[in-house]
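# Got a predicted structure plus its sequence, pasted below:
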Amino acid sequence: MSRARLGQLVRFALATLLLGAIFHIIFCNEAQLQLADKAGAWDALSPWAQRRLAWQVGPIGLWDTARQLDAVSLLGAFALCGVTILAGAMRWHRALQVQGLEVSKREVCRISLVAHFFNAFLLGSTGGDVIKAWYAAKLTHHKRAEAATTVFVDRLLGTAGLLMFTVAMIPWCWRAGEPAPGVELFLRYQRYQGVAVLIIGMLLVALTAIGVGFYSNALAPGSFLSRIASRLPKGETILRGLAACRAFGHARGFLPVAIGYSLIVNAAIVGAFLALAHGLHLPVPAAVLWFVVPAVTCVAALPITPSGLGVREHLFVVLLTAPAFPLVKYSEALSLSLISYTVHLAWSAVGGLVYLFLPERLSAAVESASTEP
């Protein structure tokens with residue numbers, strides 16, 4: 001078995017374990033609530049009886065919670081999720097323009113939808129970003145290295161923008177708690193402290209990468225890194241990609257435009273969750289969600305499990321069921337995560353339909369990206 005295949009299996013197993021643990025905790029919580037309504041004693045049951053009861057009544061309780069969502073909230077979340085894809089596509093289009101790559105906005109939107117499809121359904125090492133890179137390379141034969149670099153830069157700027165947005169939300173979220181207003185979440189709860197420290201660390205890494213890649217001479221021709229890259233296989237292509245990174249730092253107006261599109265993406269992400277939380281009647285202050293949603297999105301983007309499965313659900317449950325929010329049920333926090341992921345999958349299905357009707361030359365590019373390492 002290859003190392004790449006083993007890594008995929010390990011990550012998939014980890015995701016399965018995390019999801020299984022989260023569902024078990026939620027189902028146990030639902031079973032205890034239902035047992036208490038009937039004047040039953042949870043502690044009087046044997047461990048096996050507790051597990052059996054949890055998996056008998058827990059799924060029904062979770063489904064009843066999800067059914068509280070109204071159609072207006074669901075459609076609003078779906079529309080805002082589409083805004084994130086569209087704004088991200090426009091940001092990537094601007095990056096392509098910096099490299100002198102003329103790809104129409106319509107083509108960029110179609111590629112972004114297909115990449116969204118592969119991000120959700122392709123759980124291996126080849127994801128949506130690789131699909132975008134191959135698309136752009138096939139459409140711009142004369143600048144393949146530069147086209148691939150635009151995908152990396154777009155992902156870097158999008159992640160950095162989301163991290164900065166999350167850090168900016170910390171002061172607003174600092175005092176938020178119901179029914180006891182004035183709860184300093186980041187002073188009382190280590191779960192919030194740990195996530196904040198991780199987000200700040202990720203932001204420092206992202207900003208360092210932007211500073212080195214865009215504005216320093218570390219990637220300039222003749223530098224130490226460029227000399228190392230020239231000795232690698234396809235060194236010339238790597239050097240062209242490194243040189244392309246520096247072009248973004250010298251492109252007038254590129255960063256403000258990219259930041260503007262990133263703000264739209266970030267606001268739409270949080271807005272979609274706010275719509276779902278409103279539909280679920282989740283008793284959590286909006287100020288908390290403005291921090292929790294982007295923070296969970298950033299952490300779930302780390303390559304821990306396929307598509308962030310398990311990590312995302314675990315963080316939502318842990319952060320939204322803190323003692324500061326005693327009215328929030330475990331099933332409600334989990335439903336928020338699961339329904340949002342379902343909306344995400346719905347747009348992935350749209351991307352799948354777009355992929356089915358792509359022109360033959362673009363479809364061939366995706367097939368090559370899916371089969372070649």
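Received it, and whenever you're ready, just let me know what you need. Residues are numbered from 1 along each chain as shown.

# thought Cys173 was touching Leu185?
Yes - counting by CB atoms under 8 Å, Cys173 does reach Leu185; the two are 6.4 Å apart. For every residue, glycine as well, the C-beta is placed using N, CA and C.

# what is in contact with these two at once?
Counting by CB atoms under 8 Å, 6 or more residues apart in numbering, the shared contacts of Cys173 and Leu185 are Val288.

# which residues touch Ala349?
Remark: with contacts taken as CB under 8 Å, 6+ apart, Ala349 is in contact with Phe117.

# I should have written His93 there, sorry.
With contact set as CB under 8 Å, 6+ apart, His93 has these partners: Val103, Lys105, Val108.

# Please report which of the residues you listed has the highest neighbour count.
Greatest neighbour count in the contacts of His93, by other CB atoms under 10 Å, goes to Val108: 24 neighbours.

# Excluding residues flanking it in the chain, which one is nearest it?
Closest residue in space to Val108, ignoring its immediate chain neighbours: His93 at 4.5 Å, by CB to CB, 6 or more residues apart in numbering.

# any weak-confidence spans in the stretch 251-373 of the chain?
In the prediction, the stretch 251-373 of the chain carries residues with pLDDT under 70 at positions 306-309, 358-373.

# that older thread, for the residue nearest to Val108, give its distance to Gln56.
When CB to CB, to the nearest Å is applied, the distance between His93 and Gln56 equals 52 Å.

# for Ala137, same thing?
With the distance defined as CB to CB, Ala137 ends up 53 Å from Gln56.

# Please say which of the two ends up with more neighbours.
A direct count of neighbours by other CB under 10 Å for Ala137 and Gln56 places Ala137 higher, at 20 against 11.

# That one and Thr149 touch, don't they?
No - Ala137 is not in contact with Thr149 according to CB under 8 Å; the separation is 10.4 Å.

# just to revisit the earlier point, go through the helix or strand hosting the residue nearest to Val108 and flag the buried ones.
The secondary structure element spanning His93 is helix 71-98 (assigned by DSSP states H and E). For helix 71-98, a neighbour-count test (16 or more other CB atoms under 10 Å) marks 73-74, 76-78, 80-96, 98 as buried.

# which residues does Trp172 contact?
Under the criterion of CB under 8 Å, 6+ apart, the contact partners of Trp172 comprise Ala287, Trp290, Phe291.

# Which ChimeraX command selects the buried ones in these?
One line in ChimeraX is enough to select the buried members of the contacts of Trp172, burial here meaning 16+ other CB under 10 Å:
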select :287,290,291
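
# Tabulate the contacts of Trp172 (TSV), appending secondary structure and distance to Ala277.
What follows is the contacts of Trp172, written out as TSV (DSSP: H, G, I helix; E, B strand; the rest coil; distance: CB to CB, whole Å):
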residue	secondary structure	distance to Ala277
Ala287	helix	12
Trp290	helix	11
Phe291	helix	13
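
# which one of the contacts of Trp172 sits closest to Val205?
When the contacts of Trp172 are compared for distance to Val205 (CB to CB), Phe291 wins out at 19.8 Å.

# so who does that closest one touch?
Remark: with contacts taken as CB under 8 Å, 6+ apart, Phe291 is in contact with Thr166, Met169, Ile170, Trp172, Cys173.

# Tell me how many other residues crowd the first one.
Going back to what we said before, that points to Thr166. For Thr166, the tally of surrounding residues (other CB under 10 Å) stands at 28.

# Also the last one?
The local packing of Cys173 (other CB under 10 Å) involves 21 other residues.

# Next one: it from Val270, what distance?
Distance check for Cys173 against Val270: by CB to CB, it reads 12 Å.

# between those two, what contacts are shared?
Counting by CB under 8 Å, 6+ apart, the shared contacts of Cys173 and Val270 are Trp290.

# per-domain residue ranges of this protein.
Residue ranges for the structural domains of the chain, counted by automatic domain parsing, are given in the record as 14-67, 74-371.
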